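**Q** need a 3D model of the following:
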Amino acid sequence: MKHARFWKTSGKYLLQVIAYRWIFSLIDLCKRALEAWRKFCEFLKLPHPKQEELADCTVVNTPSFHRPDPCIYSQDYLLKLGLAVTWDNPDIVLRKGGVIVTEHDLLPATEYEIDATVWNNSYDAPAFGLKVLFSFLSFGVATVETAIGQTFVNLGVKGGVNHPANARMKWKTPPSAGHFCLKVVLEWIDDANPGNNVGQNNLNVVAPQSPAEFTFRLRNAADREEKFGFEVDTYAIPNAPSCPARLEQADKQRFSERLKKIQAVHDKANFPVPADWKVEISPDQPLLDPDEEIDVNVKITPPGGFAGSKPFNVNARQGGKYAGGVTLVVSTEL
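**A** Model (predicted):
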């Protein structure tokens, strides 16, 4: 009799557990977990997870501090930061027989070596086996890209061994003569800042005949009709300042603070076209269909008696963003 009553009671309880009692147990478990979380937050002096102030907190993700940041002089990235740029890329050079040559004086069907300097903005994480891709484009803005090849480098941490690293690639120029732009792309799957991984070397040098004349290709790479405009400045990379006593300490300043100091030095407004120089661009506001490509002519007239070398950066704007650019140098030192 007792056993029958026991199984009857147990069966009834089991049915209740299956039907709904597990819900109360789950609620109780959640309450206990929330209470434990509150105590943990209080221990760390963190705000209560339900408080609105939690939205203002910075979530610290420890692994992010150990992600490499491979980078190269990237015009697109620097322009987005509001800085002046040169398309004479300091991190990309072309050699023939070990001697550096410039892209405006290339021979057809001739082998050269592209040498790209690759940097790492991380003091903690190297990038071993970093993929580096090389390509060339016709001289101009957003022109069609042709692959050259790829290689791999072992990039060390900032200031350490294998930093910077040099990626080299053999390149045989096309059989027809022409002026070309070189492009280098860094590929890393867990990059702390993938925005600074593309660099271009887009340079042309001519003698200051009256006037100095340049031509470059402009292509609309968008899928809709676009109107282009041009901005011209005379920026050139200044000499590097003396290093602070502790580079790491300088790097740990807030990015906004460092950016203000950098902008003060590299602001485009500091490098206007001099009043005694004349720059003419034709057409100056072209309207292009998708994939349409045209020649843009630039005439730069120097003042009388000019001697030396003067760079002019022509940056193309496509709507509210930069599409690319070229650096044109008027020089008597050819």
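
**Q** next, the buried residues of the one helix or strand Thr146 maps to.
**A** According to DSSP states H and E, Thr146 maps onto strand 145-155. Neighbour counts over strand 145-155 (16 or more other Cβ atoms under 10 Å) mark 148, 153, 155 as buried. In this view, the C-beta of every residue, glycine as well, is placed from N, C-alpha and C.

**Q** any idea which residue sits dead centre in the chain?
**A** By Cα atoms, centre = their mean, the mean C-alpha position of the chain lies nearest to Asn196, the distance being 2.1 Å.

**Q** what sits against that residue?
**A** Applying Cβ atoms under 8 Å, 6 or more residues apart in numbering, we find Asn196 in contact with 69, 71-72, 74, 77, 121.

**Q** if you set the cut-off to 10 Å instead, what comes out?
**A** Asn196 makes contact with 69-74, 76-78, 80-81, 119, 121, 186 under the criterion Cβ atoms under 10 Å, 6 or more residues apart in numbering.

**Q** of the residues you listed, select the buried ones using a ChimeraX command.
**A** Buried residues among the contacts of Asn196 (16+ other Cβ under 10 Å), as a ChimeraX selection:
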select :69,70,71,72,73,74,76,77,78,119,186
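
**Q** which one of the contacts of Asn196 sits closest to Arg219?
**A** Proximity of the contacts of Asn196 to Arg219 (Cβ to Cβ) peaks at Asp76, which lies at 15.9 Å.

**Q** any idea what the nearest residue to that closest one once chain neighbours are set aside is bridged to?
**A** Distance criterion Cβ to Cβ, 6 or more residues apart in numbering; nearest residue to Asp76, sequence neighbours excluded, is Val198 at 6.2 Å. Per DSSP bridges, the residues bridged to Val198 are Val185.

**Q** list the contacts of Val198.
**A** Residues in contact with Val198 (Cβ under 10 Å, 6+ apart) are 71-77, 133, 183-186.

**Q** what about 7 Å?
**A** By Cβ atoms under 7 Å, 6 or more residues apart in numbering, the residues touching Val198 are 74, 76, 185.

**Q** okay, those residues in CSV with distance to Ala192 and pLDDT next?
**A** Formatted as CSV, the contacts of Val198 follow (distance: Cβ to Cβ, whole Å; pLDDT from 0 to 100):
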residue, distance to Ala192, pLDDT
Ser74, 14, 97
Asp76, 17, 94
Val185, 17, 97
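
**Q** turn these into a markdown table, columns for distance to Val93.
**A** Shown next, in a markdown table, are those (distance: Cβ to Cβ, whole Å):
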| residue | distance to Val93 |
| --- | --- |
| Ser74 | 16 |
| Asp76 | 20 |
| Val185 | 17 |
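
**Q** pick the one among these closest to Lys261.
**A** Closest approach to Lys261 among the contacts of Val198 (Cβ to Cβ): Ser74, at 19.4 Å.

**Q** all helices for the stretch 1-150 of the chain, in order.
**A** Ranges of helices in the stretch 1-150 of the chain, per DSSP state H, counting those that start in this stretch, are 2-16, 22-44, 75-80.

**Q** looking at the contacts of Val198, which is nearest Asp289?
**A** Asp76 (23.5 Å).

**Q** pLDDT weak spots in the stretch 101-250 of the chain?
**A** Within the stretch 101-250 of the chain, the stretches with pLDDT under 70 are 242-250.

**Q** hmm, back to that, flag every buried residue along the helix or strand following the strand holding Thr146.
**A** Once the chain leaves strand 145-155, the next helix or strand it forms, by DSSP H and E, is strand 165-172. For strand 165-172, burial by neighbour count (16+ other Cβ under 10 Å) applies to 165, 167, 169, 171.

**Q** wait, the last one sits on Thr146?
**A** What that stands for is Trp171. No: under the criterion of Cβ atoms under 7 Å, Trp171 makes no contact with Thr146, lying 10.4 Å away.

**Q** which residue ranges of the stretch 101-250 of the chain form strands?
**A** 111-120, 127-138, 140-141, 145-155, 165-172, 180-187, 198-201, 203-206, 212-219, 226-233 (DSSP state E, counting those that start in this stretch).

**Q** quick one: contacts of the longest one?
**A** Residues from elsewhere that reach strand 127-138 (Cβ under 7 Å, 6+ apart): 68, 70, 114, 116, 118, 120, 143-155, 167, 169, 178, 180-188, 217.

**Q** at 8 Å what do you get?
**A** Under the criterion Cβ under 8 Å, 6+ apart, residues 68, 70, 114, 116, 118, 120, 143-155, 165, 167, 169, 171, 178-188, 217 lie in contact with strand 127-138.

**Q** Val93 against Tyr112, yeah?
**A** No: assessed by Cβ atoms under 8 Å, Val93 is found out of contact with Tyr112, at 10.0 Å.

**Q** done for today, thanks.
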